[in-house]
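# sequence and predicted structure are below.
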Amino acid sequence: MVNNQNEMIRTKKIPDLFMFLALWDDFYGPRIIDFYPNSTIGNIEDLSVRIFNFYQFFGEEPNLAYQRTYYTIPITKINRKARVLFDSLVNPDIRGGKQPFIIVLLFPSFLSEKQMDLSNETLLKTSQNFMRNDSESFSIKSYYQEISLSFRSLFSKSKSSLALDEHYSYSVALDDFKAGIKLFQTQNYGEALSILQKVLLKFEKEEHKHLVMEVLYMIASILAQKKDFISAQKQFKRLRVLANELNHEKFLEISVFMEAFCAYKNENYTDAKRNFEKIDISKSKHLNKLQYYTIYGRILEHFEKNEDALKYLIKALDISNKFDDDASSRFQQAELLYLIGAINYKIAFNKFKDWGILKREEALTHLDDALTFFKRSVDVLEDTKDEEKLIVMYQLIGNVHEIMHADTLALDYYRRAMKIANENKFKDKFLRNLRRTVQMQMEMKMFEENIEFLANFFKNEEMYRFVDIFTIIHLHHQLAECYMVVGDTEQALVELNKAHGLIKNSKINHSEVIDILKKIIKIYSLSSIHKKEIRAYEEELEKEKNKGSKDLKFIQNRHQPLYPIKEIWMYSISTGVGLYNYTPESNIDNDLLGGFLIAIQQFSMELSQKEVQDMVVGDDRYVIYQNKEYDFYILGRANSKIPLETCKELLSIIYRRFWKEYHQYIKNFQGNITPFQKFTQIIESLDLSLMI
């Protein structure tokens, strides 16, 4: 019997406060200089690209000089707000002489702009000290602690300032109670809260428990409306205790549900689940069943109880379908349809992760279900004009079609995502879909279409300030390949020379330089008048071959133990079972699941043909490594900018270490994966940059 790894991978929650600093590198894109605490929030590089681009399109005009700027971005994927300081330091070696960087604080989404502004002084201090210090030795921890302390003080101050005036009478308290209710009903929550907190103290002093219960309900509800779920949960807990004491059915039901809801919003999923388990929804008279099924389904999904989560969410969807067809109901339906699709998507992911292709048919059934619900969600979203969510949905539908080998349909949805992203200035999403579209069209031999896509992109290249040179080189190279296939060698040479010139000027190794040089030589060889040029390029080619492709400085990262390998999966070859996985980013970010599913299917079908295989899916490079003598293989994910040779060497180190630790278990493997889970401790003690 194979143990389920899914219970083990969701133990770390996203911290309430997270801070990082990213420096823009013209060649590679964002370099994460430091972050704290040492927790996973998903793909920080992708988040950084989005934040840099937000500055370009919404902070300044594309061609203006960099200016110190504060701004806030909602990060809905992880239910956070990003408070950002955009700044730059003097660097004469790069374009424009100034190198931009961002300092980012991820706050709980309920904080107001005014509250987040309290961090500005520390953000500025962090920026100034970073500019004075070497980036290799810079630490962000002390600045994080300063901000964390100030926000704890802010909340404790607001709670300790309440006191009851000895002249405050009971009759005045009753009048204030009525006034507080009216203010609550008109959504004047701040004034209502201030009055009702004073009323509560008076009613508690007079020991009028039923009135205390009424006021507690109002206060807790206001705090929930203000998204202060920590305080709201405490007040609903007080309400639950009192309602239980007074045997008040309505407030007991509501308080148990709302305590669970607030725990869910605070990401305290264990408390939330425990409270939901107390509710018998079939006997409930006072709860909103749509909310109950939706929230409980989300909580179960967090604990990887995916089949149960689907049952609850489908019940919620059935209820929502009976509501009036207004904008709010349609948005709720779209969200439920997306969630049901996403859970089916994750079930398919887990089956491939745990079983390789052994349960491929079961996985494909769930992918088919995911596709159905995603498309139904899109039908609603297209009416609500939620462009950002629509882009995500188009990408996911494209992923599923690609996994199921419906490439023409996949391409159609990637193009849709690219079109909306371009129209709405979601530049990071536009580029991601452009790269995937171009890559697929190359595979499908749609060279004329690629020429049109890439030529249009380069016409507007100046509008895309935050595109790394590595990507620009890669796109020029792809455009050159398309021109060569259609027989336009003159234009192909123009694009190859642009790519080659960028490589030489950047003075950093590029994994495609050898292929680019070979193509230049091939084109020049078509004529007898370019012997001198051919000789020069052949000499350069030999130097590049001898130099190798590893950039050791780039692969060091003190926070990610396997860097530049981001995630790994180990599989038994004879049984197909997943032995172990280290996937801190995929556990949080659904966008990463598609690349894995595409890669694992392709690799599993071709595993017997080669010792090492490599596949680029979007921004990621997937590399598989095995030793023919051993009955397991490793699949690794890295950024596509990382040279293949570097990935292979690092994976071989991890592979050999895994064999050293567990060879007896692998030789006698019968389905028990428990012993392998200790490998995480070994991973976190490794420094692979010292081993190459």
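Yep, it's here.
# would you map the helices across the stretch 251-400 of the chain?
Secondary structure of the stretch 251-400 of the chain by DSSP state H, counting those that start in this stretch: the helices cover 269-276, 289-302, 306-320, 327-355, 360-384, 387-403.
# give me the helices and strands touching the last one, please.
Same thing as helix 387-403. Packing partners of helix 387-403 (3 or more CB pairs under 8 Å, 6 or more residues apart in numbering; DSSP states H and E): helix 327-355, helix 360-384, helix 407-423, helix 427-443, helix 593-606. No exception for glycine: its C-beta is placed from N, CA and C like everyone else's.
# residues contacting the residue nearest to Phe251 when sequence neighbours are not counted?
With sequence-adjacent residues excluded and distances taken as CB to CB, 6 or more residues apart in numbering, Phe251 is closest to Ala243, at 3.9 Å. Neighbouring residues of Ala243 by CB atoms under 8 Å, 6 or more residues apart in numbering: Met213, Lys250, Phe251, Leu252, Ser255.
# where does this protein dip in pLDDT?
Along the chain, segments meeting pLDDT under 70 span 1-14, 57-65, 95, 153-163, 357-358, 461-464, 507-510, 548-560, 604-612, 687-692.
# tell me the secondary structure at the residue of the chain most remote from its centre.
Distance from the centre of the chain peaks at His167, with 54.7 Å (CA atoms, centre = their mean). On the three-state scheme (DSSP: H, G, I helix; E, B strand; the rest coil), His167 is labelled coil.
# same check, this time on Tyr71
strand.
# tell me how far it lies from Pro675.
Between Tyr71 and Pro675 the distance is 49 Å, computed by CB to CB, to the nearest Å.
# likewise for Phe138?
40 Å.
# check Leu502 too.
Taking CB to CB, one finds Leu502 at 49 Å from Pro675.
# swap in Phe430?
From Phe430 to Pro675 the distance is 46 Å (CB to CB).
# looking at the two, which one has more neighbours?
Just comparing Phe430 and Pro675: by other CB atoms under 10 Å the higher neighbour count belongs to Phe430, 22 against 15.
# residues touching the more buried one, list them.
Met418, Ala421, Asn422.
# how about those in TSV, adding neighbour count and distance to Glu402?
As requested, the contacts of Phe430 are exported to TSV (neighbours: other CB atoms under 10 Å; distance: CB to CB, whole Å):
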residue	neighbour count	distance to Glu402
Met418	26	15
Ala421	24	18
Asn422	18	21
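# for those residues, give me CSV that also has distance to Tyr563.
Converted to CSV, these look like this (distance: CB to CB, whole Å):
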residue, distance to Tyr563
Met418, 30
Ala421, 29
Asn422, 32
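# closest one of the residues you listed to Phe54?
Ala421 (13.5 Å; CB to CB).
# the closest one and Arg415 touch, don't they?
No - in this structure Ala421 lies outside contact range of Arg415 using CB atoms under 8 Å: 10.6 Å.
# show me where this structure has strands.
Ranges of strands in the chain, per DSSP state E, are 18-25, 29-36, 69-75, 80-90, 98-108, 565-572, 578-582, 612-617, 620-626, 632-639.
# tabulate these in JSON lines, adding columns for mean neighbour count and distance to Cys482.
Compiled in JSON lines, the strands of the chain are given as follows (neighbours: other CB atoms under 10 Å; distance: least, CB to CB, whole Å):
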{"stretch": "strand 18-25", "mean neighbour count": "22", "distance to Cys482": "28"}
{"stretch": "strand 29-36", "mean neighbour count": "20", "distance to Cys482": "24"}
{"stretch": "strand 69-75", "mean neighbour count": "15", "distance to Cys482": "36"}
{"stretch": "strand 80-90", "mean neighbour count": "20", "distance to Cys482": "36"}
{"stretch": "strand 98-108", "mean neighbour count": "22", "distance to Cys482": "32"}
{"stretch": "strand 565-572", "mean neighbour count": "23", "distance to Cys482": "30"}
{"stretch": "strand 578-582", "mean neighbour count": "23", "distance to Cys482": "37"}
{"stretch": "strand 612-617", "mean neighbour count": "17", "distance to Cys482": "17"}
{"stretch": "strand 620-626", "mean neighbour count": "23", "distance to Cys482": "22"}
{"stretch": "strand 632-639", "mean neighbour count": "24", "distance to Cys482": "24"}
